[in-house]
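Undergrad: Fold the following for me, if possible:
(one chain, ligands or ions: 1)
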Amino acid sequence: MKLPDLDQDAVVACVDLVARTGAKSFEVGYLDDDVPLEQARWYAQAFLRGARIVAQEKEGPDEACDALARRILRGGRCNHCQKTVALSGTQGVMCVWYRDRDAWVQGCTGKRRATRDKD
Ligand SMILES: [Zn+2]
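TA: Numbers count the residues shown, from 1 in each chain. Presented below is the predicted three-dimensional model:
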């Protein structure tokens, strides 16, 4: 299977994020065979602190992974500043995280949190 235009960075960033949360499992897949890949209904899911978190009905594994990462982050607590994580807005009351290529970045420190950029 070859996926054109796959945003590998989104997948790498998601896998790294999921690994750092201590998730029990992580899965990316699709529901429908015999359809064009973008119609296969891609999903990504993780089991985290006793709950299944899922992003589904996406057009590719990269979109599914990016959506899953955003779902995990939004409303979570930054492990550095202890503020609630937001994905947009201004750094202040919330800690605004964003994705920089293949890593999610803590708004409070500006540190890339990818495994290949250990600090
Ligand atoms: Zn923070």
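Undergrad: from here on, contacts and neighbour counts on C-alpha atoms
TA: Noted.
Undergrad: Enumerate every residue touching the closest residue to Gln39 other than its chain neighbours.
TA: Of all residues not flanking Gln39 in the chain, Glu59 sits nearest, at 6.1 Å (Cα to Cα, 6 or more residues apart in numbering). Neighbouring residues of Glu59 by Cα atoms under 8 Å, 6 or more residues apart in numbering: Leu37, Glu38, Gln39, Ala40, Arg41, Trp42.
Undergrad: The ion: which of those residues is nearest?
TA: Trp42 (30.6 Å; Cα to the ion).
Undergrad: Burial check on the closest residue to that closest one other than its chain neighbours, number of neighbours?
TA: If the residues on either side of it in the chain are set aside, Trp42 comes closest to Tyr30, at 4.1 Å by Cα to Cα, 6+ apart. Using other Cα atoms under 10 Å, Tyr30 has 20 other residues around it.
Undergrad: Check Tyr43 too.
TA: 24.
Undergrad: what residue lies at the spatial centre of this structure?
TA: Nearest to the geometric centre of the chain sits Ala69, at 2.0 Å (Cα atoms, centre = their mean).
Undergrad: Doesn't that residue belong to a helix?
TA: Yes - the assignment for Ala69, made by DSSP: H, G, I helix; E, B strand; the rest coil, places it in a helix.
Undergrad: what are the ranges of the strands in this structure?
TA: Here the chain has its strands, by DSSP state E, at 25-30, 42-48, 51-58, 85-86, 95-96, 98-100, 103-105.
Undergrad: Let me know which of the ones you listed is tucked in deepest.
TA: Ranked by average neighbour count under the criterion mean count of other Cα atoms under 10 Å, the strands of the chain are headed by strand 95-96 at a mean of 24.
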